[in-house]
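Colleague: Here's a sequence, model it:
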Amino acid sequence: MSKWKYYYSVRESGVEWLGKGPTHWSLKPLKCAVTFQRGHDLPLEQRTEGEVPVVSSAGITAWHNLAKAKGPGIVTGRYGTIGVFYLIDTDYWPLNTSLYSIDLHGNVPHYLCYMLHSLADLFLLNSAKSAVPGVDRNDLHAITAAVPPVQEQNEIAAILDRETAKIDALVAKEQRLIELLQEQRTALISHAVTKGLNGLGDSAKRYTEMWTETRLGRAIKLQRGFDITGAADGMGDIPVISSGGFSGQCSIPIVRGPGVIVGRKGTLGTVHFCEGDFWPHDTTLWVREFGGNHPRFVYYFLLHMRLESYDVGAANPTLNRNHVHPLIVRWPDVESQRRIAEYLDRASGTVDPLIAKVNETISRLREYRTALISAAVTGKIDVRGEAE
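Modeller: Numbers count the residues shown, from 1 in each chain. Model (predicted):
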């Protein structure tokens with residue numbers, strides 16, 4: 001934050017998370033800066049397609065022909081997605097999973113959105129007090145907010161628009177780089193497991209690859225994972241692998257490693273490799289029989305298959321092994337599998353660290369974005385006159 005000025009005249013707010021702030025800012029309960037009300041039911045059978053946005057805790061999720069609230073307004077989650085704030089410029093319909101502003105008390109809507117963003121952690125803490133996560137507007141209204149004069153609100157919002165746009169552009173650029181690296185990795189895996197190492201510059205390729213056509217179910221056997229019971233789910237050191245990857249630990253090694261696990265429900269088609277013993281969760285399929293094939297090759301081959309495209313088409317997408325086992329695949333001999341797997345391990349060893357490094361950059365940019373907003377709306381930095 002060294003590039004920004006600081007306010008010369010500050011005072012203690014008496015609020016731990018606010019600390020010191022400008023003396024000319026007002027300290028007031030949140031309800032005196034923005035007052036929230038619970039949203040309204042709108043059953044599907046009562047909706048008529050129109051141009052009025054229907055806003056839930058997840059943002060605009062549908063459109064209707066009638067409005068329940070005047071814009072501009074601010075909507076946040078009462079249940080569901082909590083601690084995210086949406087500025088709606090037009091008239092809108094706030095759903096009952098949300099809280100929406102009914103009085104902005106003359107404050108700048110755009111600024112209030114940034115101010116509320118800095119309060120997100122307090123909204124989340126409030127929601128954690130009940131068994132079913134949800135926020136109570138009366139608790140939120142009691143939060144102390146530091147509110148600058150309206151002209152200053154406009155200046156702060158303008159500067160934050162400019163600076164966050166720069167950060168968002170950098171994040172988008174880094175995310176595109178990750179996409180390109182992942183595309184490169186995917187193309188490399190696809191070529192290697194379907195065509196071998198020809199054309200990939202493998203210096204160790206001084207052998208003849210033997211390929212045959214077979215059904216996947218003849219090469220390997222997939223099996224559905226297992227429920228975690230109260231007795232099995234504990235504090236052991238055996239990893240529990242769900243469709244999304246590592247999801248906990250238990251004390252019972254139900255499957256001996258190494259293993260390959262595929263997302264069956266939830267995060268469909270994801271492929272995970274486990275070196276040691278593991279518990280495959282009920283949301284997965286796991287390779288019960290490798291049939292003498294190389295486990296790492298099997299991992300890369302299943303990655304290449306994009307198994308999410310083979311779901312059964314139910315309301316809840318599910319991967320059925322009976323839809324996967326009959327697929328005709330081109331399968332190499334075991335020695336070729338070993339060489340291909342070793343080559344891909346080396347190649348991934350260069351790409352994966354690059355992706356991790358870019359993800360770290362994205363994380364730092366997002367942290368800076370959050371810190372900048374918080375510093376500006378709590379008076380830790382003075383951005384007045386910076387619009388030029």
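Colleague: Who does the longest strand anywhere in the chain pair with, and is each partner parallel or antiparallel?
Modeller: The single longest strand within the chain, with elements called by DSSP state E, is strand 233-242. The pairing partners recorded for strand 233-242 under DSSP bridges are strand 245-250 (antiparallel), strand 279-280 (parallel).
Colleague: would you turn those into TSV with mean neighbour count, mean pLDDT and distance to Phe297?
Modeller: Bear in mind the C-beta positions are built from the backbone N, C-alpha and C, glycine included. Output for those, formatted as TSV (neighbours: other Cβ atoms under 10 Å; pLDDT from 0 to 100; distance: least, Cβ to Cβ, whole Å):
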stretch	mean neighbour count	mean pLDDT	distance to Phe297
strand 245-250	15	88	20
strand 279-280	28	94	19
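Colleague: I'd like to know which of these is closest to Leu200.
Modeller: strand 245-250 (28.0 Å; Cβ to Cβ).
Colleague: The longest strand of the chain: which residues count as buried?
Modeller: Neighbour-count burial for strand 233-242, counted by 16 or more other Cβ atoms under 10 Å, picks out 233, 238-242.
Colleague: Name the surrounding residues that touch it.
Modeller: For strand 233-242, the surrounding residues in contact (Cβ atoms under 8 Å, 6 or more residues apart in numbering) are 225, 228, 246-254, 259, 261, 263, 266, 272, 274, 276-281, 283-284, 286.
Colleague: now the strands paired with strand 233-242 as TSV including distance to Gly14?
Modeller: Output for the strands paired with strand 233-242, formatted as TSV (distance: least, Cβ to Cβ, whole Å):
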stretch	distance to Gly14
strand 245-250	42
strand 279-280	51
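Colleague: Quick one, which of these gets closest to Cys32.
Modeller: That would be strand 245-250 among those, by Cβ to Cβ, at 43.8 Å.
Colleague: Check the offset of that closest one from the chain's centre.
Modeller: Distance of strand 245-250 from the chain centroid (Cα atoms, centre = their mean, to the nearest Å) equals 19 Å.
Colleague: Tell me the helices and strands packed up against the helix or strand following it.
Modeller: Next in sequence after strand 245-250, counting helices and strands by DSSP states H and E, comes strand 259-263. Applying 3 or more Cβ pairs under 8 Å, 6 or more residues apart in numbering; DSSP states H and E, we find strand 259-263 packed against strand 233-242, strand 271-274, strand 284-289, helix 295-304.
Colleague: Arg176: which of the ones you listed is closest?
Modeller: Proximity to Arg176 (Cβ to Cβ) singles out helix 295-304 among the helices and strands packed on strand 259-263, at 21.7 Å.
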